[in-house]
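1. Based on what follows, work out the 3D shape:
(one chain, ligands or ions: 1)
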Amino acid sequence: MSDNIESTLTETRHFAPSAEFTENARLKPADLEALHQKAEADYEGFWCDLAREKIDWQTEFTQGLDESKAPHYQWFADGRMNVSYNCIDRHLEVRGNKTAIVFEAENGDTRHLTYRDLYNEVGKLANALKGMGVVKGDRVIIYMPMNAEAVIAMQACARIGAIHSVVFGGFSADALRDRVVDSGSKVVITADGGERGGKVVGLKANVDKALDSNPGDVEKVVVCKRAGNDVTMHADRDVWWEDAVDGESVDCEPEWVEAEHPLFLLYTSGSTGKPKGIQHSSAGYLLGAIVTNEWVFDLQGDDVYWCTADVGWITGHTYVAYGPLAVGATQVVYEGTPTVPDAGRWWKMCQDHGVTVFYTAPTAIRALMKAGPDLPKQYDLSKLRLLGTVGEPINPEAWMWYYTTVGEERCPIVDTWWQTETGANMIAPIPGATTLVPGSCTQALPGIAADVVDEDGKSLGADEGGYLVIKKPWPHMLRTVWGDDQRYKDTYWPKFGGKYYLAGDSARRDSEGNFWIMGRIDDVLNVSGHRMGTMEVESALVAHKAVAEAAVVGRPHDVKGEAIVAFVILQGDRLTGDEAEEMVKELRNWVADQIGPIAKPDDIRFADGLPKTRSGKIMRRLLRSIAKGEEITSDTSTLENEAVIPQLQGKA
Ligand code: WTA
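-> Numbering: from 1, shown residues only. You can find the predicted model right below:
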């Protein structure tokens, strides 16, 4: 990935919006300028006006930004509203019969849900959850395939003020259990199984395994019938979704919650072994979801939007479950892999459903570009008008392919920088106004005070690399780490007198003021656009009885962005040959069991020890060079155990 960043350093191509795009866009250059000016002149008023305009309130707020508990900032705190009401009910009169979700399964089965259908389904499930004793503030785990029911489950929780925590369906039983226990969840909503690549993933079986080892506070498990695989139902605990909603009314009065009431938790990796539960608010979060879907994705009445992210990630929250619904859009939801039956599947779906706005990740673009560079040309993609990317810096080669072959040189590409913690897009082009530069996420959105600063918090000049920070609290920022305020402070506000939000990325701005993201400053890898803590993988490895010590680093990978390389010291003697190969297999599967298949190391190497300084510190920089296969030119004689280097290089 760093090679890609190198090549973007010399990027000079610029793509200004076409007159036609600008003409039809929600925001034209003058509108964008006006928004920036307003945010500049009256920051709090800017956000308050938007909150009044974009959100339907049950009780209007009188307070804007409250800094009294900083860095636990609050917005619109004395207002009351309901997120599900804002995503569904308020559309019923004008667009009740408009399609909200077009769902397609991997086998091609398709289902349309209107806003009215969504209202009915969400209402029934919300009533069923209430019947199970779920009340405002209770936590609910959602461990589902990427189907319409996952969105319905999230909306049902929001409707009754329950705090959901979606766990990606690709995470293992162990990872699920940790999240069930940490969140203190009362209910788990799952499915019998999910279908991916023609195979069934036993989601319910994983729930059983997780709860068998530690049920935490779970009282009920709701099981959606999806893949039809055999499952064991526990008499007092488990209930089929369809039985749970049977006879329930479609009408469920929304729980009017305070603006700051937590809408959801989403666990994400950091620099320690334990993922943290990022806690988001209701109103501030929703506002971010709404304005970015309008500004960045330019969503309008007849758009068909498709964000390919799974609801297990933040992108699937803001750009599937909440934002598109809050703005009344029609969106596509797909459960399946992009390569079934071949790498043209997504392009075929864009054609079949008339997708106009498409949002995905660079890793997917690179994989599809490799698997079928000409496949998009076999489909009619003429409806597409806007493309987006998120998750990691996009290399210009992939950008250009996306632009020319998928977007047919007609569609602007919005490269959106943001994080689980930021709730919504933060630095991104406005498609009708911003000149694009491949590889750059361009400029901060109106009302977002992004900057690049040095160690002392001083703004840096053009092309100077430093810390990416946000200098003012914004409505859709995280509120805390669930159950761990200290960790929230230590992770995001450790520098600059606690005044600036530290994103954990390094960045630079070019002479035109465009932002270029350079990578993480902590021990977090970006594997296929997913955050993976090196410590998390290390903890999983050392939990295996054969492992004494492990160090994990990233190495550039042309599709995944980064690949995971693990250096492992076994208990007893170092293994070689067939025995080593067997152990590699076992450890890869072990990590998949502990975390999930996405955490499987690509490369595992054994040695008698890790390279350490005489004070016992692991030389991670050296390990990164070794992982990349670089020649070791630095002086290693100060190492405690120089002899391990050839072993780690696979040369001895
Ligand atoms: C990286 C995903 C460059 C970055 C929404 C960030 C990006 C982390 C971009 C957050 C982008 C995300 N360009 N890097 N457009 N988007 N990142 O929490 O390192 O899964 O800190 O949120 O992904 O990952 P997360």
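2. now the closest residue to the ligand within the stretch 551-652 of the chain: how far from Glu294?
-> As assessed by Cβ to the nearest ligand atom, the ligand sits closest to Gly561 within the stretch 551-652 of the chain, at 9.3 Å. Placement of C-beta: from N, CA and C, glycine included. Gly561 sits 29 Å away from Glu294, going by Cβ to Cβ, to the nearest Å.
3. the more surrounded of those two?
-> Shown here are Gly561 and Glu294; by other Cβ atoms under 10 Å, Gly561 has more neighbours (26 against 19).
4. Go ahead and confirm that one touches His530.
-> No - counting by Cβ atoms under 8 Å, Gly561 sits too far from His530 to count as a contact (9.4 Å).
5. Between these two, which contacts overlap?
-> Shared contacts of Gly561 and His530 (Cβ atoms under 8 Å, 6 or more residues apart in numbering): Gly391.
6. for this structure, where's the lowest mean pLDDT among helices and strands?
-> helix 2-8 (a mean of 43; mean pLDDT, DSSP states H and E).
7. got any ranges where the stretch 1-150 of the chain has weak pLDDT?
-> Within the stretch 1-150 of the chain, the set of residues satisfying pLDDT under 70 comprises 1-11.
8. now the helices for it?
-> In the stretch 1-150 of the chain, the helices defined using DSSP state H, counting those that start in this stretch lie at 2-8, 19-24, 29-41, 43-54, 83-87, 92-95, 115-131, 148-160.
9. Which secondary structure elements does the third one sit against?
-> Using 3 or more Cβ pairs under 8 Å, 6 or more residues apart in numbering; DSSP states H and E as the contact criterion, the neighbours of helix 29-41 among helices and strands are helix 43-54.
10. After the strand or helix carrying Glu195, which helix or strand is next? Please name it.
-> Per DSSP states H and E, Glu195 falls inside strand 194-196. Counting by DSSP H and E, the element after strand 194-196 in chain order, helix or strand, is strand 199-201.
11. and of the helices of the stretch 1-150 of the chain, who's closest to Lys276?
-> For the helices of the stretch 1-150 of the chain, proximity to Lys276 was assessed by Cβ to Cβ; helix 148-160 is nearest, at 20.0 Å.
12. counting contacts, what elements does the closest one pack onto?
-> helix 83-87, strand 99-105, helix 115-131, strand 139-143, strand 163-166, strand 264-268.
13. what about the nearest residue to Val257 once chain neighbours are set aside, how many residues close to it?
-> Nearest non-adjacent residue to Val257, counting by Cβ to Cβ, 6 or more residues apart in numbering: Gly161, 4.8 Å away. Residues near Gly161, counting by other Cβ under 10 Å, number 24.
14. What of Glu242?
-> Residues near Glu242, counting by other Cβ under 10 Å: 12.
15. I'd say Val239 and Lys225 touch.
-> No - assessed by Cβ under 8 Å, Val239 is found out of contact with Lys225, at 11.6 Å.
16. From the chain's centre, how far out is stretch 523-532? Work that out for me.
-> 11 Å (Cα atoms, centre = their mean, to the nearest Å).
17. Give me the buried positions along stretch 219-233.
-> Glu219, Lys220, Val221, Val222, Val223, Cys224, Arg226, Ala227, Asn229, Val231 (16 or more other Cβ atoms under 10 Å).
18. Would you state the helices of the stretch 251-400 of the chain in chain order?
-> With DSSP H, counting those that start in this stretch as the criterion, the stretch 251-400 of the chain has helices spanning 283-295, 314-316, 323-326, 345-353, 362-371, 396-401.
19. The following helix or strand past the last one pairs with which strands, parallel or anti?
-> Looking back up the chat, that one is helix 396-401. Per DSSP H and E, helix 396-401 leads on to strand 413-416 as the next helix or strand towards the C-terminus. Strand pairing for strand 413-416, using DSSP bridges, gives strand 386-390 (parallel).
20. could you check whether the strand it pairs with is close to the ligand?
-> Yes - Strand 386-390 comes into contact with the ligand (Cβ under 6 Å from any ligand atom), by way of Val390.
21. give me the beta-bridge partners of the residue of the stretch 551-652 of the chain closest to the ligand?
-> Val527, His557.
22. I'd like to know how far it sits from Gly596.
-> Counting by Cβ to Cβ - Gly561 and Gly596 are separated by 17 Å.
23. what sits against the closest residue to Cys411 other than its chain neighbours?
-> Spatially, and ignoring its direct neighbours in sequence, Cys411 is nearest to Leu387 (4.9 Å; Cβ to Cβ, 6+ apart). With contacts defined as Cβ under 8 Å, 6+ apart, Leu387 is in contact with Val357, Phe358, Tyr359, Tyr402, Tyr403, Val406, Gly407, Cys411, Pro412, Ile413, Val414.
24. Can you tell me the SS state at the residue in the stretch 351-500 of the chain positioned nearest to the ligand?
-> Residue nearest to the ligand within the stretch 351-500 of the chain (Cβ to the nearest ligand atom): Thr420, separated by 3.4 Å. Following DSSP: H, G, I helix; E, B strand; the rest coil, we place Thr420 in the coil state.
25. what does the stretch 401-550 of the chain put close to the ligand?
-> Contact residues (Cβ under 6 Å from any ligand atom) of the stretch 401-550 of the chain with the ligand: 415-420, 441, 503-505, 517, 520, 526, 531.
26. Out of the residues you listed, flag the one nearest to Thr491.
-> Gly504 (8.0 Å).
27. which residues does that closest one contact?
-> Counting by Cβ under 8 Å, 6+ apart, the residues that Gly504 touches are Gln419, Leu468, Thr491, Arg520, Ile521, Asp522, Val524.
28. Okay, now the unreliable bits of the stretch 401-550 of the chain?
-> Residue ranges of the stretch 401-550 of the chain with pLDDT under 70: none are present.
29. picking up where we left off before, can you redo the helices of the stretch 251-400 of the chain as TSV, where the extra columns are distance to Gly247?
-> Supplementary listing: these in TSV, determined by distance: least, Cβ to Cβ, whole Å:
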stretch	distance to Gly247
helix 283-295	31
helix 314-316	31
helix 323-326	26
helix 345-353	34
helix 362-371	42
helix 396-401	51
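30. Looking at those helices, spot the one closest to Asp109.
-> Ranking the helices of the stretch 251-400 of the chain by proximity to Asp109 (Cβ to Cβ) places helix 345-353 first, at 12.8 Å.
31. Show me what that closest one is packed against.
-> Applying 3+ Cβ pairs under 8 Å, 6+ apart, one finds that helix 345-353 contacts strand 99-105, strand 304-307, strand 330-335.
32. ok, and which of the ones you listed has the densest surroundings?
-> The highest mean neighbour count among the helices and strands packed on helix 345-353, using mean count of other Cβ atoms under 10 Å, belongs to strand 330-335: a mean of 25.
33. if we can go back for a sec, take the helices and strands packed on helix 148-160 and lay them out in a markdown table including distance to Glu549.
-> What follows is the helices and strands packed on helix 148-160, written out as a markdown table (distance: least, Cβ to Cβ, whole Å):
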| stretch | distance to Glu549 |
| --- | --- |
| helix 83-87 | 46 |
| strand 99-105 | 45 |
| helix 115-131 | 45 |
| strand 139-143 | 32 |
| strand 163-166 | 32 |
| strand 264-268 | 26 |
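34. which one of the ones you listed lies closest to the ligand?
-> Set against the ligand and scored by Cβ to the nearest ligand atom, the helices and strands packed on helix 148-160 come closest in strand 264-268, at 5.4 Å.
35. What angle do helix 148-160 and the closest one make with each other?
-> Angle, strand 264-268 to helix 148-160, by axes from the mean of the first three to the mean of the last three Cα atoms, to 10 degrees: 130 degrees.
36. Direction included, what does strand 264-268 pair up with?
-> In the sheet, strand 264-268 lines up with strand 163-166 (parallel), strand 276-280 (antiparallel) (DSSP bridges).
37. elements contacting the helix or strand following the first one?
-> Same thing as strand 163-166. As assigned by DSSP H and E, the chain's next helix or strand after strand 163-166 is helix 173-183. On a contact count with 3+ Cβ pairs under 8 Å, 6+ apart, helix 173-183 meets strand 139-143, strand 163-166, helix 203-213, strand 264-268, strand 276-280, helix 577-594.
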